[in-house]
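Q: quick check, what structure comes out for this input:
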Amino acid sequence: MGLTQIEKSTEDANSGKGKSKLQPGEAFELARLVNYGDDSIVSRTLVNNNAGTITLFAFDEGQGLSEHTAPFDALVHIVEGESEVIIDGKSNRISEGQIILMPANVPHALNAAKPFKMMLTMLRK
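A: Take a look at the predicted model:
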């Protein structure tokens, strides 16, 4: 499944491009900001501005994103569970609390052997 084919609609906290999706000055527990959906990938945009985006994802077991590229560097931070992250053909097991950088224009994919949540930070140039 490609990034543009996520089965469930996003759970944006607020609407409007270029605005933060979080209330400034309030603390949040990342894992509670997005919920799992049966046989789905659920996303929630937290920040979307000229510098980049920060999006939370919840992948149900067996879900994934097929190999694709992105024009920007992206940092994956596993918030809960464990994921297989494949970058340029190399498989990496990333678990809760770990991060991995997916370089711009390099093929990558993600797979959920078990449900997991991640925070994706896209850094625009």
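Q: could you check the pLDDT of the spatially closest residue to G64 that is not a sequence neighbour?
A: Nearest residue to G64 in three dimensions, chain neighbours excluded: N111, at 4.0 Å (C-beta to C-beta, 6 or more residues apart in numbering). Every residue, glycine included, has its C-beta placed from N, CA and C. Listed pLDDT for N111 reads 97.
Q: state the distance from N111 to H68.
A: Distance, N111 to H68, using C-beta to C-beta, to the nearest Å: 13 Å.
Q: those two - which one has more neighbours?
A: Higher neighbour count among N111 and H68: N111, with 16 against 13, using other C-beta atoms under 10 Å.
Q: so who does the more buried one touch?
A: For N111, the contact set (C-beta atoms under 8 Å, 6 or more residues apart in numbering) comprises 64, 83-84, 86.
Q: quick check, nearest of the residues you listed to A58?
A: Ranked by distance to A58 (C-beta to C-beta), those are led by S83 at 11.4 Å.
Q: what lies in contact with the helix or strand hosting the closest one?
A: S83 is part of strand 82-87, with elements assigned from DSSP states H and E. Contacting residues not belonging to strand 82-87 are listed as 59, 67, 76, 91-96, 100, 102-103, 106-114, 116, 118 [C-beta under 8 Å, 6+ apart].
Q: what about the closest residue in space to E96 that isn't next to it in sequence, how many residues nearby?
A: Nearest non-adjacent residue to E96, counting by C-beta to C-beta, 6+ apart: I78, 5.3 Å away. Each residue near I78 was counted by other C-beta under 10 Å, and the total is 20.
Q: helix, strand, or coil at I78?
A: Look at I78: counting by DSSP: H, G, I helix; E, B strand; the rest coil, its state is strand.
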